[in-house]
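*Asks:* give me the fold of what follows.
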Amino acid sequence: MTRRVDLELLAERAATVRRHLNRVARHLSADPSELRPLSAETDAMVLHLWQAVQVVIDLAVSNCVRLGLGSPPTYAVAFRSLADGGVIDRDLGERLARAAGFRDLIVHAYAELDLRQVHAIALRGPADLRAFLAALRDYRG
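*Replies:* Down below sits the predicted model:
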């Protein structure tokens, strides 16, 4: 197996992340108090944020294996392994490990989400997802 990032696959998955993030931005209100539990707008924004995070998680896990960093037992460990391997910045790895936890909350405790926190994540989180994609693209091992 080759120990480099599959740039063709990365480009395809990055386009998917961008599409989801564009939809997050379209559905995200300027005021967090406008987010309503279980409303169509909030559901759409959260769904697309979740999907963008999930694609990045999938890339993290597959690249751990591809780059010879092992098979991570959790999503958070995947990001930390990529940071330990010098593929991504350590601080970015920690923020993305927390994003993996956020993904778990969406999947397993959706009705209990703090919508103000979701709003803050939707504002700052996309930059980390884009930084991850750029780091993978630029990694030369």
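*Asks:* every contact and neighbour count from this point should use C-alpha atoms.
*Replies:* Fine.
*Asks:* pull the helix or strand with minimum mean pLDDT from the chain.
*Replies:* helix 90-108 (a mean of 93; mean pLDDT, DSSP states H and E).
*Asks:* what sits up against it?
*Replies:* Applying CA atoms under 8 Å, 6 or more residues apart in numbering, the contact partners of helix 90-108 are 46, 50, 53-54, 57, 75-80, 82-84, 113, 125, 128-129, 131-132.
*Asks:* show the pLDDT at the most centrally placed residue in the chain.
*Replies:* Note on the chain: the residue nearest the mean C-alpha position is V53, at 2.7 Å, using CA atoms, centre = their mean. Here, the pLDDT recorded for V53 equals 97.
*Asks:* identify the residues contacting it.
*Replies:* V17, A99, A100, R103, L129.
*Asks:* just to revisit the earlier point, now the contacts of helix 90-108: which count as buried?
*Replies:* Neighbour counting by 16 or more other CA atoms under 10 Å classes 46, 50, 53-54, 57, 75-80, 82-83, 125, 128-129, 132 among the contacts of helix 90-108 as buried.
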